[in-house]
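# any chance you can model this:
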Amino acid sequence: MLKAAIKSVLIVVWVLLFYVPVYCAHQLGYFTCRNRMVRLCHAGLLYLVGIKVNVVSKLADARPLLLVCNHLSYLD
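Below you'll find the predicted structure:
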């Protein structure tokens, strides 16, 4: 129970740590910086929750593109 409470607090702190910088970067038009911060935030959240991401191949360059995901998730 204590471990879950600590993880919950860490997740909230992690998100709050990124909220203001991401918002400011968006408002100032630094979209590349904003996107990097969002990716770092999500990578940290995945680590805190204990999810491992396995990338099988590269994203296709052809457009339009339809992505279909089939997953089993215990977080939904």
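# in terms of helices and strands, where is the residue most central in space within the chain?
Nearest residue to the geometric centre of the chain (C-alpha atoms, centre = their mean): residue 42, 1.9 Å. Under the criterion of DSSP states H and E, residue 42 resides in helix 31-49.
# can you get me a residue count around residue 22?
For residue 22, the count of nearby residues is 20 (other C-beta atoms under 10 Å). The way it works is simple: take the backbone N, C-alpha and C, and place the C-beta from them, glycine included.
# name all residues that make contact with it.
34, 37, 38, 41 (C-beta atoms under 8 Å, 6 or more residues apart in numbering).
# what about it, distance to residue 37?
5 Å (C-beta to C-beta, to the nearest Å).
# do the same with residue 54
Residue 54 sits 24 Å away from residue 37, going by C-beta to C-beta.
# ok, those two, which is more surrounded?
Using other C-beta under 10 Å as the criterion, residue 54 and residue 37 rank with residue 37 on top: 17 against 4.
# wait, what's in contact with that one?
Applying C-beta under 8 Å, 6+ apart, the residues near residue 37 are 18, 21, 22, 25.
# quick check: it vs residue 24, distance?
Distance from residue 37 to residue 24, by C-beta to C-beta: 10 Å.
# how about residue 47?
From residue 47 to residue 24 the distance is 24 Å (C-beta to C-beta).
# now do the helix ranked longest in the chain against helix 31-49, angle only.
Longest helix in the chain, counting residues (DSSP state H): helix 2-28. Helix 2-28 runs at 180 degrees relative to helix 31-49, counting by axes from the mean of the first three to the mean of the last three C-alpha atoms, to 10 degrees.
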